[in-house]
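Trainee: I'd like to go over a predicted model; first the sequence, then the structure.
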Amino acid sequence: MSPSQPSLSPSLAVAVSPLSTPAAASTSDYIKFCPFSGLKSVENLALMGEAPAFLADDLHTSFSNGLHLKLDEFETATVIGNKTYVIGGINDPTSTGVRIFNKSTGNWVIPTILGTKPKAFKGHSTILLNKERILIIKTNSKSNDSIWFFEVDTQFVQDQTKKFETEVVAWSKGVIGDAERPIVISGPSGVGKGTLINMLMKEFPSMFGFSVSHTTRAPREKEENGVHYHFTNRSVMEEEIKAGKFLEFAAVHGNLYGTSVEAVEVVADAGKRCILDIDVQGARSVRASSLEAIFVFICPPSFEELEKRLRARGTETEEQIQKRLRNAKAELEQGKSSGLFDHILVNDDLEACYDRLKKILGLDGSSDATLKMQTEVFDLPMDFSLSKINEKILINSGIDERRIVLDLFSMKGGAPGRTRGLCMYTTGN
Ligand SMILES: Nc1ncnc2c1ncn2[C@@H]1O[C@H](COP(=O)(O)OP(=O)(O)OP(=O)(O)O)[C@@H](O)[C@H]1O
Ligand SMILES: Nc1nc2c(ncn2[C@@H]2O[C@H](COP(=O)(O)O)[C@@H](O)[C@H]2O)c(=O)[nH]1
């Protein structure tokens, strides 16, 4: 431990917003609770105009916005204007882990929490990024699971607040690096989408990952739950749609199909490029979403050939084939004329169509080494303090003098998905 940095328990760190109203923390609060070496740190922080972290000498913390808090072990509090966000709390594993004190009403609120929340964590530190987001860094964690954002006033949170008519906040996991744009593949049933996708996945196994959709249709022979689809029933899926679990969903050939946010994120988390096999309605929804995908529409060489392929596949009853063929007419019209798709490919000769698809995706060779995550995974210490300089968060460990830098310069995205484009590296020993 460096002599200039007394033992820090980041779990007790209290981040106070520089954006707070005048009623929020004053300089005397800073000095009183500053975990660093006296005025030096306070001056630095004041110069940087950043949110300092505070350490209470006991579990009672007072803010000049009038709030007196008894923080539980492993809780932090962050003040944004009139609101104080208390995050943490491991004593009750079922707890949402977040409570908000609203100074203007004098009440505590348990908000509706959206997004995938982090697995229970003990120590963490928080730093306020801006009035929209609190950055949370887990202590004693792996660097690829250490960064979390707590969104309190992003566009997504504002939209959901209107919908739920309650206080809403959202988690978003921070992801190092940036996987390439996802690919949406659409086209009528039987045209060969699945065949082309399988070819891509086989030739480039570490580059592409398939977004496993949910569906209420019954599994076909050889289809595996969780691999080809997540098979579910209508009432469960409708509930999950209401809860905001899906990026898109549509009624297709009499069943519900949908892409969960999670289905896309697990692929990107693995550093792979996501492929979505979805119908035209779904493609339209994805186009309107924040997922910046490439949209490819696959056409048959003729309607007769489409019917032949669908029958030859032998997976549908005659009635279902008729329904799929009826829907194919509308899909072909929409797909070719809507301007929704970036590329339209005719799947006549399979190999030729596959070559054209690869060209669109920039795969001129057959190398599987093109897309490798250039990210080293390392351990974050038990104890650290946080400071912010422009777009960089400095994670200062008092133990080994190592400094970890989190660069937010290329940060993008956020709830309901992940926050991507982060860069994290170590300097010093
Ligand atoms: N270019 C092609 N020439 C001949 N047959 C093809 C061609 N492409 C695919 N097929 C065959 O057509 C059938 C339908 O293909 P596939 O299952 O990939 O269609 P799909 O578009 O994924 O259908 P769905 O939307 O119903 O899942 C399969 O039996 C496949 O082997
Ligand atoms: N909008 C969505 N469409 C989807 C999704 N998953 C699949 N599909 C489309 O459904 C039809 C039929 O598929 P099948 O497996 O029953 O033959 C096909 O056009 C798929 O592209 C989804 O998540 N959302």
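Mentor: Noted; the coordinates are in hand. Ligands and ions are numbered 1, 2, ... in the order given.
Trainee: any idea how far ligand 1 is from whichever residue of the stretch 1-150 of the chain sits closest to ligand 2?
Mentor: The nearest approach of the stretch 1-150 of the chain to ligand 2 comes at Thr116, 18.7 Å away (C-beta to the nearest ligand atom). Placement of C-beta: from N, CA and C, glycine included. The gap separating Thr116 from ligand 1 is 28 Å, by C-beta to the nearest ligand atom, to the nearest Å.
Trainee: quick one, what contacts that residue?
Mentor: Contacts for Thr116 (C-beta atoms under 8 Å, 6 or more residues apart in numbering) come out as Trp171, Lys173, Glu262, Glu265.
Trainee: for Lys329, what is the enclosing helix or strand?
Mentor: Using DSSP states H and E, Lys329 sits within helix 318-337.
Trainee: before we move on, the earlier item: which one of the contacts of Thr116 is nearest ligand 1?
Mentor: Glu262 (21.6 Å).
Trainee: got the phi/psi numbers for that closest one?
Mentor: phi -60, psi -40 (degrees, to the nearest 10).
Trainee: so where does the spatially closest residue to it that is not a sequence neighbour fall, helix or strand?
Mentor: Residue nearest to Glu262 in three dimensions, not counting chain neighbours: Thr116, with 6.9 Å by C-beta to C-beta, 6 or more residues apart in numbering. Taking DSSP H and E as the definition, Thr116 sits outside all helices and strands.
Trainee: again with Val169
Mentor: strand 168-176.
Trainee: now do Ile127
Mentor: Assessed by DSSP H and E, Ile127 sits inside strand 124-130.
Trainee: now do the buried residues in that strand.
Mentor: Within strand 124-130, the residues that qualify as buried are His124, Ser125, Thr126, Ile127, Leu128, Leu129, counting by 16 or more other C-beta atoms under 10 Å.
Trainee: just stretch 335-346 next, same as before
Mentor: Of all the residues in stretch 335-346, those buried under the rule 16+ other C-beta under 10 Å are Gly335, Leu340, Phe341, His343, Leu345.
Trainee: need the phi and psi values for the spatially most distant residue from the centre of the chain.
Mentor: Distance from the C-alpha centroid of the chain peaks at Glu304, with 42.8 Å (C-alpha atoms, centre = their mean). Here is the backbone geometry of Glu304 (degrees, to the nearest 10): phi -60, psi -40.
Trainee: measure it to Phe249 for me?
Mentor: Distance, Glu304 to Phe249, by C-beta to C-beta, to the nearest Å: 32 Å.
Trainee: near ligand 1, which residues of the stretch 251-400 of the chain are found?
Mentor: Residues of the stretch 251-400 of the chain found near ligand 1 (C-beta under 6 Å from any ligand atom) are Arg309, Ala312, Arg313, Asn347, Leu350, Cys353.
Trainee: list just the nearest of the residues you listed to Arg234.
Mentor: Arg313 (25.0 Å; C-beta to C-beta).
Trainee: list the contacts of the closest one.
Mentor: Contacts of Arg313 by C-beta under 8 Å, 6+ apart are Gly190.
Trainee: same question, Val191
Mentor: Neighbour list for Val191: Ile298, Cys299, Pro300, Leu306, Arg309, Asn347 [criterion: C-beta under 8 Å, 6+ apart].
Trainee: hmm, try it at 10 Å
Mentor: Val191 makes contacts with 185, 297-301, 305-306, 309-310, 328, 331-332, 335, 345-347, 353, as judged by C-beta atoms under 10 Å, 6 or more residues apart in numbering.
Trainee: among these, which are within reach of ligand 2?
Mentor: The subset of the contacts of Val191 within reach of ligand 2, by C-beta under 6 Å from any ligand atom, is empty.
Trainee: next step: the residues you listed restricted to helices.
Mentor: The helices, defined by DSSP state H, take in Glu305, Leu306, Arg309, Leu310, Ala328, Glu331, Leu332, Gly335, Cys353 from the contacts of Val191.
Trainee: mind checking which of those are buried?
Mentor: For those, a burial check counting by 16+ other C-beta under 10 Å picks out Leu306, Arg309, Leu310, Ala328, Glu331, Leu332, Gly335, Cys353.
Trainee: mind checking how far the first one is from Ser387?
Mentor: It refers to Leu306. Noted for Leu306: a distance of 61 Å to Ser387, by C-beta to C-beta.
Trainee: do the second one as well
Mentor: In this structure, Arg309 lies at 61 Å from Ser387, with C-beta to C-beta as the measure.
Trainee: ditto for the third one
Mentor: Summarising the geometry, the distance separating Leu310 from Ser387, computed by C-beta to C-beta, is 61 Å.
Trainee: next: the fourth one.
Mentor: Between Ala328 and Ser387 the distance is 59 Å, computed by C-beta to C-beta.
Trainee: look up the closest residue to Gly421, ignoring the ones flanking it.
Mentor: According to C-beta to C-beta, 6+ apart, the nearest residue to Gly421 is Ser410 (3.8 Å).
Trainee: tell me the SS of that neighbour?
Mentor: coil (DSSP: H, G, I helix; E, B strand; the rest coil).
Trainee: so who does it touch?
Mentor: Taking C-beta under 10 Å, 6+ apart, we find Ser410 in contact with Gly177, Asp178, Glu391, Arg420, Gly421, Leu422, Cys423.
Trainee: pLDDT, neighbour count and secondary structure added to those, as a markdown table?
Mentor: What follows is the contacts of Ser410, written out as a markdown table (pLDDT from 0 to 100; neighbours: other C-beta atoms under 10 Å; DSSP: H, G, I helix; E, B strand; the rest coil):
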| residue | pLDDT | neighbour count | secondary structure |
| --- | --- | --- | --- |
| Gly177 | 81 | 16 | coil |
| Asp178 | 74 | 17 | coil |
| Glu391 | 91 | 13 | coil |
| Arg420 | 87 | 21 | strand |
| Gly421 | 87 | 18 | strand |
| Leu422 | 90 | 22 | strand |
| Cys423 | 91 | 18 | strand |
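Trainee: just the closest of these to Leu291, please.
Mentor: Checking the contacts of Ser410 one by one against Leu291 (C-beta to C-beta), the nearest turns out to be Arg420, at 11.2 Å.
Trainee: give the burial count for Asn327, as a bare number.
Mentor: 17 (other C-beta atoms under 10 Å).
Trainee: backbone torsions only: list them for the closest residue to ligand 2 within the stretch 101-250 of the chain.
Mentor: For the stretch 101-250 of the chain and ligand 2, the shortest gap (C-beta to the nearest ligand atom) falls at Ser213, measuring 3.0 Å. The phi/psi pair for Ser213 (degrees, to the nearest 10) reads phi -80, psi 170.
Trainee: isn't it right up against Gly226?
Mentor: No: counting by C-beta atoms under 10 Å, Gly226 is not a contact partner of Ser213; they are 11.2 Å apart.
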